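Asks: Show me the folded form of this:
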Amino acid sequence: MTPFPPSSCAVSEPVSGIRELPVLENGFQLLASMFRYPDEPIWQALAETLPAAEVFSSSLLGRPLSLPPRQSLEQTYTALFCTNPIGLTASPYLSCYLEDPGLIEGGGRLMIQQLLAEEGGVADPAMKEPEDHLATVLELAGVLCRKAHGDDPAEAADGRIRLLQLTDTMLIMLPPFQSAITTADFSCVDFYVDAVTLCLCLTVLCREQILLGQPRNERNVM
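Replies: Down below sits the predicted model:
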């Protein structure tokens, strides 16, 4: 698998703290909300949260994120992610990138279902989406960041291993997902280009942070 090129991030050395797992957890949770349907509650939550995340986004993109008007963002989200599953502009489902194109409920969904069950969680039923939707995958990455940062050595080691497995699959999905969004001709597409670029940067930083501090025997598991 070809790693995401560091040049795709605005800076090669983010500000101090961005590489730490607790900060990465918060970043994944923020990005998860950015890939949910921007109805009034989600849009309002983003309007309140994004200004506080300016240092985070600027350190990776070179500029803060700008939230488009809700109606325009809803229209773009629908055009990109919510049309006929066989003809999605940019499929937000992990299975579509691990298996045959257009297969939404394949092995990727089963993998996320299993990870959620093993971590004692479930996908938010309000989403009404298969479990391998990117928003759920990002939420799960945040949960595993928290576990990998925990005080219990065995639990933390298990969290690091699972997080590496999950980010492996994310790095298969995210580059073509980014390309599909980038080539789309919609009014607010730049918001989602920035969002998926942050996903890629955060995923790479997460893997680097884990591998740099990972005991050799854990690396051999992979």
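
Asks: Let's check: the centremost residue of the protein is which one?
Replies: Leu138 (3.9 Å; CA atoms, centre = their mean).

Asks: which non-adjacent residue is nearest it?
Replies: Ala32 (3.8 Å; CB to CB, 6 or more residues apart in numbering). For every residue, glycine as well, the C-beta is placed using N, CA and C.

Asks: before we move on, back to that, please report how far the residue nearest to the centre of the chain lies from Asp151.
Replies: Applying CB to CB, to the nearest Å, the value for Leu138 to Asp151 is 24 Å.

Asks: List the buried residues in the longest helix seen in the chain.
Replies: In the chain, with assignment by DSSP state H, the single longest helix is helix 153-182. Buried residues in helix 153-182, defined by neighbour count with 16 or more other CB atoms under 10 Å: 156-164, 166-167, 169-175, 177-178, 181.

Asks: Tell me which other helices or strands it touches.
Replies: helix 95-98, helix 107-118, helix 134-148, helix 189-212, helix 216-221 (3 or more CB pairs under 8 Å, 6 or more residues apart in numbering; DSSP states H and E).

Asks: and the angle from it to helix 189-212?
Replies: 150 degrees (axes from the mean of the first three to the mean of the last three CA atoms, to 10 degrees).

Asks: now helix 153-182: how far from the chain's centre is it?
Replies: 8 Å (CA atoms, centre = their mean, to the nearest Å).

Asks: relative to helix 107-118, how tilted is that helix?
Replies: Going by the same axes, to 10 degrees, helix 153-182 makes 150 degrees with helix 107-118.

Asks: Tally up the residues packed near Ala126, please.
Replies: Neighbours of Ala126 under the rule other CB atoms under 10 Å: 11.

Asks: ok, now Cys188?
Replies: Cys188 has 21 nearby residues by other CB under 10 Å.

Asks: I'd like the distance between it and Met170.
Replies: From Cys188 to Met170 the distance is 23 Å (CB to CB).

Asks: cool, and Thr89?
Replies: 20 Å.

Asks: Which of the helices and strands packed on helix 153-182 sits closest to Ser58?
Replies: Proximity to Ser58 (CB to CB) singles out helix 189-212 among the helices and strands packed on helix 153-182, at 10.9 Å.

Asks: Let's see that closest one as CSV, backbone CA atoms only.
Replies: Provided in CSV are the C-alpha atoms of helix 189-212 (Å, rounded to 0.1, in the frame of the first residue of the first chain):
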residue,chain,number,x,y,z
VAL,A,189,-17.0,20.9,-2.6
ASP,A,190,-13.9,22.7,-1.1
PHE,A,191,-15.3,22.1,2.4
TYR,A,192,-15.3,18.3,1.8
VAL,A,193,-11.9,18.4,0.0
ASP,A,194,-10.5,20.0,3.1
ALA,A,195,-12.3,17.6,5.4
VAL,A,196,-10.9,14.5,3.6
THR,A,197,-7.4,16.0,3.5
LEU,A,198,-7.6,16.4,7.2
CYS,A,199,-8.7,12.8,7.5
LEU,A,200,-5.7,11.7,5.5
CYS,A,201,-3.2,13.9,7.5
LEU,A,202,-4.7,12.7,10.8
THR,A,203,-4.6,9.1,9.8
VAL,A,204,-0.9,9.3,8.8
LEU,A,205,0.0,11.2,12.0
CYS,A,206,-1.9,8.6,14.1
ARG,A,207,0.1,5.7,12.5
GLU,A,208,3.3,7.6,13.0
GLN,A,209,2.6,8.3,16.6
ILE,A,210,1.7,4.7,17.3
LEU,A,211,4.6,3.1,15.4
LEU,A,212,7.2,5.5,16.9
